[in-house]
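In: Sequence and predicted structure, then a few things I'm wondering about:
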2 protein chains.
Amino acid sequence: MTHVFDEAIAVQQTAPGRALARTHSAFGNMVGPFGGVTAATVLNALTEQPELQGTPAALTINFTGVIDDGPWEIESTLIRTNRTNQHWAVTATQADQVAVTGTALFTTDRPTWSDTELSPPAAPAPDGIPVLRIPPMVRWIGNYEMRFVSGAIPFAPPEPGGSSESIYWISHAQPRAWDIYALAAIADSYFPRVFLRTGPMTPAGTVTLTSYFHADATELAAQGEHLLLASRAGRYVRGHYDQLGEVWGTDGTLLATTHQLVYFKDIT
Amino acid sequence: MTHVFDEAIAVQQTAPGRALARTHSAFGNMVGPFGGVTAATVLNALTEQPELQGTPAALTINFTGVIDDGPWEIESTLIRTNRTNQHWAVTATQADQVAVTGTALFTTDRPTWSDTELSPPAAPAPDGIPVLRIPPMVRWIGNYEMRFVSGAIPFAPPEPGGSSESIYWISHAQPRAWDIYALAAIADSYFPRVFLRTGPMTPAGTVTLTSYFHADATELAAQGEHLLLASRAGRYVRGHYDQLGEVWGTDGTLLATTHQLVYFKDIT
């Protein structure tokens, strides 16, 4: 049986460089699909290209317009292949409107000196933490279990001041091994930081998302069910803010770092 | 008299969406031009487009190949204009080879609730800090004065372990007011973090760079000569690492946050 996530990111090659994707009802967001599944679908279309060289290292996705329920098309263009990296550009359309643009970097692994400078956030084991109750209007969250160590979605306007930092364990509701597609998706699983500052009814959405993937397939496959995520905002101003995220493995490996610029509106 | 930086980022429109740029001898790097001036030149080409709406909010630049001394061409494509944002894609070529790809987001300012969650790094005033002595093989640095609070370029292999964090004041060697182009350039002024870990002779170069611009023109113009920069790495593995940066104003305003993935080689 195909996992619901793999159903959602499936693409069908229709011509060289062109693939058809389809929104999945299980991954709906407030408006359009969950951005993480859109990013993973684009990555899936890219990795099916016969010219592909290397493994995913960086992915930038711009959400230029809402994707409505139904099919959408992804066009992948190979830009340049160098000795140890390869660059791609992506344009996705629906009904002749561009819904997504992006660029992707694939690199050929080279053994080098290695070190991790960031430290994983302090967190108790996931088993003792209750699973977040899910607002029914955001269907995609039902595919995950989120156990918040701190900074859970507030269900009422928060006190003024404070921080937008969240730390949480995430796992698939229907068990599935971690791979680069699942990683690309959860790199966008952080709810909008502005909810923690001005309340959960603030309209907000990702405009541009960049993820750097530090894990290889072996490291990803070695992870347990739960990954540890941390996120915080930088500056909120004039209707946008930046959001930083880290994705840590069960074993303390830094799997990905991710950054996005988010649109928000005041509640008036 | 035109400032040397404005000479370096100058573009000449040759057709709708097409502009000619030229490398500037004052901004040479170890190989090719300083990536920050390449990013600023692309931004300059974009902001000269007649269809432009809004101000720069996000810029992703992929360095797909080396730009040799001489002219290079920038093609700017308007992707989509929404009510409060506009998306562009960029491809730059030299001798029929793609040297740069990128995407840019321009947003229309909306007054909203605002706050800065990050804190500026602790730093003494720049006047008491000596200016970094500049290695002559990296010409672009001569256009700036850098005063390191911590994490200066090591001139010998560093001790094992430790951190790659740098905090420094930067100013133009030939005085110039701060604007979005100068900001885009210095968002790539952090020398490679790996130098602080494995030594200054480690070959390293930016592959992809994403900057989020939080300051508007008024905030930028209000800054004094010196801006305060902070940077650190996340994880070094299999020949790449991610590098985070913050650009703070003289007055403590968070002007930009920036992220890049850097290629590096072991010294063998």
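Out: In hand now; what should we look at?
In: switch to C-alpha atoms for all contacts and neighbour counts from now on
Out: Noted.
In: A:Pro154 touches A:Phe195, doesn't it?
Out: Yes. Judged on C-alpha atoms under 8 Å, A:Pro154 makes contact with A:Phe195 at a distance of 7.0 Å.
In: the more surrounded of the two?
Out: For A:Pro154 versus A:Phe195, neighbours defined as other C-alpha atoms under 10 Å in any protein chain shown are more numerous around A:Phe195 (23 against 14).
In: Point out where the stretch 151-268 of chain A drops to low pLDDT.
Out: For the stretch 151-268 of chain A, the stretches with pLDDT under 70 are A:160-161, A:268.
In: let's go with 50 and repeat that
Out: Within the stretch 151-268 of chain A, not a single segment meets pLDDT under 50.
In: now the end-to-end length of stretch A:81-100.
Out: 23 Å (C-alpha to C-alpha, to the nearest Å).
In: For that stretch, buried residues please.
Out: A:81, A:85-94, A:98-100 (16 or more other C-alpha atoms under 10 Å in any protein chain shown).
In: Tell me the gap between that stretch and the middle of its chain.
Out: Counting by C-alpha atoms, centre = their mean, to the nearest Å, stretch A:81-100 is centred 17 Å from the centre of its parent chain.
In: filter the buried residues of stretch A:81-100 by proximity to chain B?
Out: Among the buried residues of stretch A:81-100, the residues that sit close to chain B (C-alpha under 8 Å from any C-alpha of the partner chain) are A:86-87, A:89, A:98.
In: With pLDDT as new columns, can these be given to me in a markdown table?
Out: Listed next are those as a markdown table, based on pLDDT from 0 to 100:
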| residue | pLDDT |
| --- | --- |
| A:Gln86 | 98 |
| A:His87 | 98 |
| A:Ala89 | 98 |
| A:Val98 | 98 |
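In: Return the subset of those residues lying in strands.
Out: Filtering those for membership in strands, criterion DSSP state E, returns A:86-87, A:89, A:98.
In: Distance-wise, check A:Thr41 relative to A:Leu105.
Out: A:Thr41 is 16 Å from A:Leu105, by C-alpha to C-alpha.
In: Can the strand or helix carrying A:Glu219 be said to contact chain B?
Out: For A:Glu219, the element it lies in under DSSP states H and E is helix A:217-221. No. Figure legend: helix A:217-221 not in contact with chain B (C-alpha under 8 Å from any C-alpha); closest approach 11.8 Å.
In: List the buried residues of that helix.
Out: For helix A:217-221, by 16+ other C-alpha under 10 Å, it's A:219-220.
In: Can you name the next helix or strand after it?
Out: Next element after helix A:217-221 (DSSP H and E): strand A:227-237.
In: still on that earlier bit, which one of A:Thr41 and A:Leu105 is surrounded by more residues?
Out: Using other C-alpha under 10 Å, the more surrounded residue of A:Thr41 and A:Leu105 is A:Thr41, with 26 against 23.
In: give me every residue that touches the residue nearest to the more buried one when sequence neighbours are not counted.
Out: Sequence neighbours aside, A:Ile9 is the residue nearest to A:Thr41 in space, at 4.3 Å (criterion: C-alpha to C-alpha, 6 or more residues apart in numbering or on different chains). Counting by C-alpha atoms under 8 Å, 6 or more residues apart in numbering or on different chains, A:Ile9 touches A:21, A:37-38, A:40-41, A:44.
In: Try it again at 10 Å.
Out: A:21-24, A:37-45, A:181-182, A:185 (C-alpha atoms under 10 Å, 6 or more residues apart in numbering or on different chains).
In: Show me the one in the residues you listed that has more neighbours than the rest.
Out: With neighbours taken as other C-alpha under 10 Å, the top of the contacts of A:Ile9 is A:Val42, carrying 31 neighbours.
In: can I assume that one sits in a helix?
Out: Yes. Remark: A:Val42 belongs to a helix, assigned using DSSP: H, G, I helix; E, B strand; the rest coil.
In: What residues does A:Ala185 make contact with?
Out: A:5, A:9, A:34-41, A:43.
In: Now secondary structure too, for the residues you listed, in CSV please.
Out: Conversion of the contacts of A:Ala185 to CSV gives the following (three-state DSSP):
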residue, secondary structure
A:Phe5, helix
A:Ile9, helix
A:Phe34, coil
A:Gly35, helix
A:Gly36, helix
A:Val37, helix
A:Thr38, helix
A:Ala39, helix
A:Ala40, helix
A:Thr41, helix
A:Leu43, helix
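In: which pair in these spans the largest distance?
Out: Farthest apart among the contacts of A:Ala185 by C-alpha to C-alpha are A:Phe34 and A:Leu43. That separation is 14.6 Å.
In: okay but A:Ala122 is in contact with A:Trp248, surely?
Out: No. A:Ala122 lies out of contact with A:Trp248 (C-alpha atoms under 10 Å); the separation is 11.3 Å.
In: Overlap of the contact sets of the two?
Out: A:Leu228.
In: Name the residue in those two with the higher neighbour count.
Out: Neighbour count, other C-alpha under 10 Å: between A:Ala122 and A:Trp248, A:Trp248 has more, with 23 against 9.
In: now the more buried one: how far from A:Arg193?
Out: Counting by C-alpha to C-alpha, the gap from A:Trp248 to A:Arg193 is 19 Å.
In: In this structure A:Trp178 contacts A:Ala217, no?
Out: Yes. Using C-alpha under 10 Å, A:Trp178 is in contact with A:Ala217, at 8.8 Å.
In: Would stretch A:112-132 count as contacting chain B?
Out: Yes. Stretch A:112-132 is in contact with chain B by C-alpha under 10 Å from any C-alpha of the partner chain, via A:112-119.
In: Now do the same contact list for A:Phe213.
Out: A:Phe213 touches A:55-59, A:106, A:180, A:183-184, A:187, A:247, A:254-258, B:235, B:241-242, B:261, counting by C-alpha under 10 Å, 6+ apart.
In: Next, work out how far apart A:Leu244 and chain B are.
Out: 10 Å (C-alpha to the nearest C-alpha, to the nearest Å).
In: Tell me if I am right that that residue is in a helix.
Out: No. Applying three-state DSSP, one finds A:Leu244 to be strand, outside a helix.
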